[in-house]
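A.B. asks: below: sequence and its predicted model.
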Amino acid sequence: MSVEVLAPGLQTTIQAGARVGMRHLGVPASGAADPLSLALANRLLGNDLLAPALEVTLVGPTLRFNAPTAIALTGGVAQATLGGEPIEFHSTIIAKQGDELAIAAVEIGTRVYVAFAGGLQAQEMLGSCSTYMAAGFGGHQGRALVEGDVLQLQKQNTNTDVARTPQEYRPAFSSTWALRICRSAESDLLQDEQLGELTNTNWIIGRRADRMGMQLDGPMISVSSDGRMPSAPVFPGTIQCPGNGSPFMLSVDAGTTGGYPRIAQLARVDRHLLGQLCSGDHVRFLPRRPQEAIDALHAKHNYWREWLPGIERVI
Amino acid sequence: MPSSDSTNRTIKACGDDLLSIRLGVAKGAQAFAEQLRAADEWQEVVAGIDSVVVQFDATLITIDEARQQITAELAKGYTPKALADVLLEIPVVYGGEFGADFDAVCEQTGLSAKELIALHTGREYDVELVGFTPGFVYVGGLADALRIPRRKQPRQRVAAGSVGIADGRTGLYALAGPGGWPIIGRTTFTLFDPQAKDPFPVRVGMRIRFIAVSAAEAGL
């Protein structure tokens, strides 16, 4: 009941739900950067929506199954083969003993999720099995997979009914995103025209984009301070702007406090997309009042609830 | 619209599920954060230097309800819990293999090893902040003679329990990881115990005194 890592891919980690309630101790959210895709993969296997699964980044791994196992792939667009034969995303797949699963480069989006019937065994730490690499805990030895790792499955399970995600519940992937944002604590430091710049620009996700955060390439945004302030709480989706005028957006593994003005906050409704934004992607920010953003969250939950009961725990 | 009470504290949305409460006083922020955490109604309660941010679950309460709850908590008034009465004695093995930058710090500050240790152990400090990375403890109030900057080149990895000094503070590394603070020693004090109910036992507002010990005494 194990899976052997023949090639690890660029950065493949075990991820599950986020860590909640410990940011005041410096413990970041961690967890799947795209929890919706994680939930969709687990759903096809009858797992808990946030059961530990593999999060694949940009270049996929090659895995060998040492026992028959039901699996499911979701997330960004990539080619995948099992025993040399192409396999579909969004469908339950039965891997035979000795089969090799190979996932190629992610073509659109950034992350692919591979879930296993029953879930992967993982180290639980501070309320979650998710890997937090910066501190080296959770998941598989607190780190990304390397060649030769052997992952244990919670249980052997191939009796899963073969399920497929209905078309209307397969998220569309693209290299152009529209993300809803709200004002944050230091938005007042921006002049009106600077705020307009934030929402009228086609931002490009910078070269540095990972689970900590991403640069936003575009015009300089000048804040009416020297870009420094007393350390203050920050969250996944917080957009900060240092004195050099080059804003960046934090993601799930970011530290819990920051010393740069918080000029905007990605609304909860779109935070699950942080995990799919890729270097070079184009992003438009849509300004929303908090209540509008919350209404949009309720609408999204209502849409997904039929296929993913418990969606409120996911996004 | 920011709302405020008579003493000009402000509550401001800083996202659709985040409210920032600006209190103006550092110790007030930590005390108010403790009070909110005790209420156990928030996903996250995080104090900054002079503000507190709460995250609420918008599927359970509305932003107006969240705001009203905060206003009510502010109206109750808050008093710093008597954390100041908690004095932690933190044993430190200074220098040698456990303080990779100890000699460089002596050179930088012009202090002898004995003087450096005497200065660092010679006063009580306040825990100012825990955060950024899990359990990292910022201890304020370092003597001016020990004021040095961070390393230009951060280390890829410093050991758990490492004791560093930079920018007028002592930093305690609860976990192994990359680190930019010049390391002067190591403590065996439990800064992180994943099995404990409270995995990070050092809290903001506690007092700290460093005690110089030998590696043998520390069991290193």
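C.D. replies: Received the coordinates, thanks.

A.B. asks: close to chain B, is the lowest-mean-pLDDT helix or strand in chain A?
C.D. replies: Every helix and strand in chain A was compared by mean pLDDT, DSSP states H and E; the lowest is strand A:257-258, with a mean of 83. Yes: counting by Cβ under 8 Å from any Cβ of the partner chain, contacts between strand A:257-258 and chain B involve residue A:257. For every residue, glycine as well, the C-beta is placed using N, CA and C.

A.B. asks: what's in contact with that strand?
C.D. replies: Contact partners of strand A:257-258, identified using Cβ atoms under 8 Å, 6 or more residues apart in numbering or on different chains, comprise A:231-234, A:238, A:240, A:250, B:46, B:48, B:129, B:131-132.

A.B. asks: do that again at 6 Å, thanks
C.D. replies: Contacting residues not belonging to strand A:257-258 are listed as A:231, A:233-234, A:240, B:131-132 [Cβ atoms under 6 Å, 6 or more residues apart in numbering or on different chains].

A.B. asks: where helices are concerned, which of the residues you listed count?
C.D. replies: In helices, defined here by DSSP state H, there are no members of the contacts of strand A:257-258.

A.B. asks: among those, which pair sits farthest apart?
C.D. replies: A:240 and B:131 (15.7 Å; Cβ to Cβ).

A.B. asks: got a winner among the contacts of strand A:257-258 for most neighbours?
C.D. replies: residue A:234 (30 neighbours; other Cβ atoms under 10 Å in any protein chain shown).

A.B. asks: of the contacts of strand A:257-258, which is the nearest to residue A:218?
C.D. replies: Out of the contacts of strand A:257-258, the member with the shortest distance to residue A:218 (by Cβ to Cβ) is residue A:240, at 14.7 Å.

A.B. asks: longest strand of the chain, counting residues only.
C.D. replies: All of this is about chain A. Longest strand of chain A, by residue count under DSSP state E: strand A:100-116.

A.B. asks: can you look at chain B instead?
C.D. replies: Counting residues, the longest strand found in chain B (DSSP E) is strand B:87-94.

A.B. asks: for burial, what's the neighbour tally of residue 168?
C.D. replies: Defaulting to chain A. Neighbour number of residue A:168 under other Cβ under 10 Å is 8.

A.B. asks: try chain B instead
C.D. replies: 13.

A.B. asks: low-confidence regions, chain B specifically.
C.D. replies: B:1-8, B:24-27, B:80-84 (pLDDT under 70).

A.B. asks: let's see it at 80
C.D. replies: Applying pLDDT under 80 to chain B flags the ranges B:1-8, B:24-28, B:49-50, B:78-85, B:132, B:152-154, B:156, B:177-178, B:194-195.

A.B. asks: got the residues of it near chain A?
C.D. replies: Near chain A, the residues belonging to chain B are B:13-17, B:20, B:43-44, B:46, B:48-51, B:53, B:58-59, B:63, B:130-136, B:175, B:177, B:194, B:200 when assessed by Cβ under 6 Å from any Cβ of the partner chain.

A.B. asks: PyMOL command for the buried members of those residues?
C.D. replies: Selecting the buried subset of the residues of chain B next to chain A in PyMOL, with 16 or more other Cβ atoms under 10 Å in any protein chain shown as the burial test, is done by:
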select buried, chain B and resi 13+14+15+16+17+20+43+44+46+48+49+50+51+53+58+63+130+131+132+133+134+135+136+175+177+200
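
A.B. asks: among the residues of chain B next to chain A, which ones are in strands?
C.D. replies: Short answer: the residues of chain B next to chain A in strands (DSSP E) are B:13, B:20, B:44, B:46, B:51, B:53, B:130, B:177.

A.B. asks: reformat those as JSON lines; add distance to residue A:91.
C.D. replies: Below are those laid out as JSON lines (distance: Cβ to Cβ, whole Å):
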{"residue": "B:13", "distance to residue A:91": "42"}
{"residue": "B:20", "distance to residue A:91": "45"}
{"residue": "B:44", "distance to residue A:91": "37"}
{"residue": "B:46", "distance to residue A:91": "41"}
{"residue": "B:51", "distance to residue A:91": "48"}
{"residue": "B:53", "distance to residue A:91": "42"}
{"residue": "B:130", "distance to residue A:91": "46"}
{"residue": "B:177", "distance to residue A:91": "40"}
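
A.B. asks: show me which of these is closest to residue A:35.
C.D. replies: The closest of these, once distances to residue A:35 are taken by Cβ to Cβ, is residue B:44, at 16.7 Å.

A.B. asks: mind giving me the domain split of the chain?
C.D. replies: Using chain A here. A:2-169, A:176-313 (automatic domain parsing).

A.B. asks: that answer is for a different chain, and I need it for chain B
C.D. replies: Using automatic domain parsing, chain B is parsed into the domains B:3-76, B:87-218.

A.B. asks: let me see the ranges of the helices in the stretch 101-250 of chain A.
C.D. replies: Secondary structure of the stretch 101-250 of chain A (DSSP state H, counting those that start in this stretch): helices at A:192-200.

A.B. asks: and it, which residues reach chain B?
C.D. replies: A:125, A:135, A:182, A:184-185, A:230-233.

A.B. asks: out of those residues, list just those in strands.
C.D. replies: Short answer: these in strands (DSSP E) are A:182, A:232-233.

A.B. asks: mind putting those residues in TSV, distance to residue B:144 and pLDDT included?
C.D. replies: Below are these laid out as TSV (distance: Cβ to Cβ, whole Å; pLDDT from 0 to 100):
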residue	distance to residue B:144	pLDDT
A:182	43	97
A:232	27	86
A:233	30	93
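
A.B. asks: look up the closest residue to residue A:142, ignoring the ones flanking it.
C.D. replies: residue A:136 (3.7 Å; Cβ to Cβ, 6 or more residues apart in numbering or on different chains).

A.B. asks: the one you found - how many residues pack around it?
C.D. replies: Other residues near residue A:136 come to 17 when the count uses other Cβ under 10 Å.

A.B. asks: test my guess that it contacts residue A:123.
C.D. replies: No: between residue A:136 and residue A:123 there is no contact under Cβ atoms under 6 Å: 10.4 Å.

A.B. asks: could you point out which residue ranges in the stretch 151-300 of chain A have low pLDDT?
C.D. replies: A:155-160, A:224-231, A:259.

A.B. asks: could you rerun that using 90?
C.D. replies: Applying pLDDT under 90 to the stretch 151-300 of chain A flags the ranges A:154-162, A:188-196, A:208, A:222-232, A:242-245, A:255, A:257-260.

A.B. asks: can you tell me the helix or strand for residue B:116?
C.D. replies: Using DSSP states H and E, residue B:116 sits within helix B:113-121.

A.B. asks: could I get the CA-only coordinates of that helix as CSV?
C.D. replies: Output of helix B:113-121 as CSV, limited to C-alpha atoms (Å, rounded to 0.1, in the frame of the first residue of the first chain):
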residue,chain,number,x,y,z
ALA,B,113,33.6,37.4,25.7
LYS,B,114,33.1,38.0,29.4
GLU,B,115,31.7,41.5,28.9
LEU,B,116,29.3,40.4,26.1
ILE,B,117,27.9,37.6,28.3
ALA,B,118,27.7,39.9,31.3
LEU,B,119,25.8,42.5,29.3
HIS,B,120,23.4,40.0,27.7
THR,B,121,22.6,38.3,31.0
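
A.B. asks: buried residues in that helix?
C.D. replies: B:116-117, B:119-120.

A.B. asks: stretch A:106-114 too?
C.D. replies: Buried, per 16+ other Cβ under 10 Å, within stretch A:106-114: A:106, A:109-114.

A.B. asks: what ranges does chain B have for its helices?
C.D. replies: Using DSSP H, the helices of chain B run over residues B:26-39, B:63-76, B:102-109, B:113-121, B:215-218.

A.B. asks: by how many degrees do the fourth one and strand B:87-94 diverge?
C.D. replies: Going by axes from the mean of the first three to the mean of the last three Cα atoms, to 10 degrees, helix B:113-121 is angled at 160 degrees with respect to strand B:87-94.
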